[in-house]
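Student: kindly generate the corresponding structure for this input.
(2 chains)
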Amino acid sequence: MKRFDRFDLFLVSVMVLSLISLPVVRPVRTDTESSATSSERLIAARSRLLFIQTTFRPVEDAIAAGKLEEGGLLLEELFRIYPGESYGLLLKGRILARRGALPEALGAYGEAVRRDGSLVDRRGLFSARGEIEGVVARAEGSIPLEARRRNHDLGYLKSRLAGGCE
Amino acid sequence: MKSWKGAIILTALLMGGGGVLLSVLGNPANSGICISCFLETSTGALGLHPNDRMRYLRPELPGFVLGAWVSALMAGEFRSRGGSAPLWRFVGGFIMIVGCAVFIGCPIKLILRLAAGDLSAVAGVAGLVVGVRIGILSLVRGVEFPVPVEERTHSGFLLPIASLFLILLFILSPPLFRFSEQGGGADAAPWYYSLSLALGIGFLAQKSRFCITGSLRDLLLMGWRSPMTAGFLTFLGAALATSLLFGRFHLSLTGQPGAHTDFLWSFLGMMLVGWVAMLVGGCPFRQLVKGGEGDTDAVVVTMGMAVGAALVQSTGIAATAAGVSPVGKVAILASLVIVAGMVLFLRERR
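Tutor: Alright, predicted model coming up:
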């Protein structure tokens, strides 16, 4: 066998190509949650429920009363203090869906689920599965096929609703 | 030869049909008997990673090992052997799980996803075939791990015995483990179904030596007439028929359970799995079966896979329906560097 042949060249090429591709995909820091005992998880869940009930109640009341604009403004205010809060994003999706802005609503729901996977669970304190299923079904029926294909949030939400490993 | 082919067909039928059936009975959709997903949930059950939505001690994993163990003992084929480049094998096992985690599934799940109409899995199929091809090329061009030697320490019994203990603890004392209350880890078929099917599959797979990457290798080397290829087609056919029978077939490119549309990374992930599987002598499933036969080299690969399974969850390497994270992409590229470097380093030049 030769000392350096075409297969060696292939292997070196794979190494070099992979190495020079590394800077293209910059690593980002991911938050890793600490392992919690069941009682700690329960306390955390109840605290979160209390937080949501007290913080987002005015927004939910406004939506329930059909005052979507008022609800949206209240939500904007809350996002200044709690930017990207998953329940807030869920309410944003709800407001947008009721206004008929389905692609934007899917974006908000998609972001909410990315931040809190329990929103699509079948059961649980924060499950909004039925609501999200409804919006996805509406989007499937009303957004044109080509736009649906391009909408990553729709594909993402459908995939999450379908289950599977996470 | 005829009985061997029969064993392959039977194994493939049980894996394809049974895999889908377990999803129908409660396992995560399209996962069936996915080794990488199950290693991730099982290491979570042992507290080795912090994702509390991916925790359940899957009885299928020890079931495969125990089924193969019983089969090997009955046939007088159990031999405690090993010592062939253990650290390389550990690294290989680790890298196989990185590839699986980025694709979301091992080669078994790849076929199950395809049989459920998930067109996004096609990129993985292409990657796996290319990986197996490069793996064959690597072997042909002089990469060869040393021949394993008989072990007088009987360490080949360790994995089967550990599997037996795990199953007993799982049945008798479940609170020892951490189980998910929500998410993919909470989806599980009744354990007695999972364990029974896994024992049967492990038993038959030890006899038939069936594995997905081995089938692709035979297909590339010997064409469509090889028995393993027949097994591969049977597996696909059985999974497809069962999916159709239970209304689990949904043909689409997007919106599939536990899948994403980052096709390049799916391709590269499965390419890595195919390449490494050729080097270490089989896909993740085959390593468990060989571990049951007393092959401690396969046990070392399995240990690498277990460590990999915990790390892909704790570091964010594992892809989700949202796609592949930058950490996952870096892990794939780094793994390619390591595998290519390993092959370059290990080639025998006569």
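Student: make it CA atoms for all contacts and neighbour counts henceforth
Tutor: Will do.
Student: name the element the residue of chain A found nearest chain B belongs to?
Tutor: Nearest to chain B in chain A, going by CA to the nearest CA, is A:Ser159, at a distance of 3.9 Å. Using DSSP states H and E, A:Ser159 falls within helix A:152-162.
Student: report the distance from that helix to the chain centre.
Tutor: 10 Å (CA atoms, centre = their mean, to the nearest Å).
Student: CA atoms of it as CSV?
Tutor: Backbone C-alpha positions of helix A:152-162 (Å, rounded to 0.1, in the frame of the first residue of the first chain) are rendered in CSV as follows:
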residue,chain,number,x,y,z
HIS,A,152,-41.4,26.9,9.9
ASP,A,153,-43.5,27.6,12.9
LEU,A,154,-46.4,25.7,11.5
GLY,A,155,-44.2,22.7,10.8
TYR,A,156,-42.6,23.0,14.2
LEU,A,157,-45.9,23.2,16.1
LYS,A,158,-47.3,20.2,14.1
SER,A,159,-44.2,18.2,14.9
ARG,A,160,-44.5,19.0,18.6
LEU,A,161,-48.2,18.2,18.7
ALA,A,162,-47.5,14.9,16.9
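Student: by contact count, what packs against that helix?
Tutor: helix A:102-115, helix A:129-142 (3 or more CA pairs under 8 Å, 6 or more residues apart in numbering or on different chains; DSSP states H and E).
Student: same list, these, but as CSV with mean pLDDT and distance to B:Val299 please.
Tutor: Below are those laid out as CSV (pLDDT from 0 to 100; distance: least, CA to CA, whole Å):
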stretch, mean pLDDT, distance to B:Val299
helix A:102-115, 94, 36
helix A:129-142, 93, 41
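Student: wait, doesn't B:Pro160 sit right on B:Val70?
Tutor: No. The pair B:Pro160 / B:Val70 is not scored as a contact, 9.3 Å apart, by CA atoms under 8 Å.
Student: ok, the two, which is more surrounded?
Tutor: The neighbour count for B:Pro160 versus B:Val70, taken as other CA atoms under 10 Å in any protein chain shown, is higher for B:Pro160 (25 against 20).
Student: what strand or helix carries that one?
Tutor: helix B:158-172.
Student: in PDB, list the C-alpha atoms belonging to that helix.
Tutor: Taking C-alpha atoms only, helix B:158-172 is exported to PDB below (Å, rounded to 0.1, in the frame of the first residue of the first chain):
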ATOM      1  CA  LEU B 158     -21.000  -8.000  33.400                       C
ATOM      2  CA  LEU B 159     -23.400  -6.400  31.000                       C
ATOM      3  CA  PRO B 160     -26.000  -9.200  31.000                       C
ATOM      4  CA  ILE B 161     -25.900  -9.300  34.800                       C
ATOM      5  CA  ALA B 162     -26.100  -5.600  35.100                       C
ATOM      6  CA  SER B 163     -29.100  -5.700  32.700                       C
ATOM      7  CA  LEU B 164     -30.800  -8.300  34.800                       C
ATOM      8  CA  PHE B 165     -30.300  -6.200  38.000                       C
ATOM      9  CA  LEU B 166     -31.600  -3.100  36.200                       C
ATOM     10  CA  ILE B 167     -34.800  -4.900  35.100                       C
ATOM     11  CA  LEU B 168     -35.300  -6.400  38.600                       C
ATOM     12  CA  LEU B 169     -34.800  -3.000  40.200                       C
ATOM     13  CA  PHE B 170     -37.100  -1.400  37.700                       C
ATOM     14  CA  ILE B 171     -39.900  -3.900  38.400                       C
ATOM     15  CA  LEU B 172     -39.400  -4.200  42.200                       C
END
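Student: need the winner for burial among the helices and strands packed on helix A:152-162.
Tutor: Of the helices and strands packed on helix A:152-162, the one with the most neighbours on average (mean count of other CA atoms under 10 Å in any protein chain shown) is helix A:102-115, at a mean of 23.
Student: any idea how far chain A is from B:Asn316?
Tutor: Quick fix: residue B:316 reads Gly, not Asn. Using CA to the nearest CA, to the nearest Å, we find B:Gly316 at a distance of 7 Å from chain A.
Student: that residue and A:Asp121, how far apart?
Tutor: From B:Gly316 across to A:Asp121, the span is 21 Å (CA to CA, to the nearest Å).
Student: the more surrounded of those two?
Tutor: Ranked by neighbour count (other CA under 10 Å), B:Gly316 and A:Asp121 place B:Gly316 first, with 22 against 19.
Student: now the angle from the helix holding A:Ser159 to helix A:102-115?
Tutor: Interaxial angle of helix A:152-162 relative to helix A:102-115 (axes from the mean of the first three to the mean of the last three CA atoms, to 10 degrees): 50 degrees.
Student: now the worst-scoring helix or strand of chain A on mean pLDDT: buried residues?
Tutor: When the helices and strands of chain A are compared on mean pLDDT, DSSP states H and E, helix A:145-150 comes out lowest with a mean of 79. Of all the residues in helix A:145-150, those buried under the rule 16 or more other CA atoms under 10 Å in any protein chain shown are A:Arg148.
Student: report the distance from that helix to the chain centre.
Tutor: 19 Å.
Student: now the helices and strands packed on helix A:152-162 in CSV, with distance to chain B?
Tutor: Output for those, formatted as CSV (distance: least, CA to the nearest CA, whole Å):
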stretch, distance to chain B
helix A:102-115, 7
helix A:129-142, 11
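Student: export these to TSV and tack on distance to A:Asp153?
Tutor: Shown next, in TSV, are those (distance: least, CA to CA, whole Å):
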stretch	distance to A:Asp153
helix A:102-115	5
helix A:129-142	10
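Student: B:Met271: which of those is closest?
Tutor: Smallest distance to B:Met271 across the helices and strands packed on helix A:152-162 (CA to CA): 27.7 Å, for helix A:102-115.
Student: got the angle for the closest one vs helix A:129-142?
Tutor: Per the same axes, to 10 degrees, the angle that helix A:102-115 makes with helix A:129-142 is 140 degrees.
Student: check chain B for the residue nearest chain A and tell me.
Tutor: B:Gly255 (3.9 Å).
Student: got a list of contacts for the lowest-mean-pLDDT helix or strand in chain B?
Tutor: When the helices and strands of chain B are compared on mean pLDDT, DSSP H and E, strand B:149-150 comes out lowest with a mean of 90. Residues outside strand B:149-150 that contact it (CA atoms under 8 Å, 6 or more residues apart in numbering or on different chains) are B:79-84.
Student: buried subset of those?
Tutor: The neighbour-count test (16+ other CA under 10 Å) marks B:79-84 as buried among the contacts of strand B:149-150.
Student: among the residues you listed, which are in strands?
Tutor: Within the buried ones among the contacts of strand B:149-150, residues falling in strands by DSSP state E are B:81-82.
Student: and for stretch B:225-245, what's in contact with it?
Tutor: Contacts of stretch B:225-245 (CA under 8 Å, 6+ apart): B:5, B:8-9, B:11-21, B:111-112, B:115-116, B:210, B:212, B:214-216, B:218-219, B:223-224, B:249.
Student: now do it: distance to the chain's middle.
Tutor: On CA atoms, centre = their mean, the centre of stretch B:225-245 falls 17 Å from that of its chain.
Student: may I see the buried residues of it?
Tutor: The neighbour-count check on stretch B:225-245 (16+ other CA under 10 Å) flags B:227-243 as buried.
Student: stretch B:65-79 too?
Tutor: Applying 16+ other CA under 10 Å to stretch B:65-79 flags B:65-72, B:78-79 as buried.
Student: likewise stretch A:65-75?
Tutor: Buried positions in stretch A:65-75, judged by neighbour count with 16+ other CA under 10 Å: A:68, A:71-72, A:74-75.
Student: do the same with stretch B:132-151
Tutor: B:132-136, B:138, B:141-145, B:151.
Student: got any ranges where the stretch 201-350 of chain B has weak pLDDT?
Tutor: Along the stretch 201-350 of chain B, segments meeting pLDDT under 70 span B:350.
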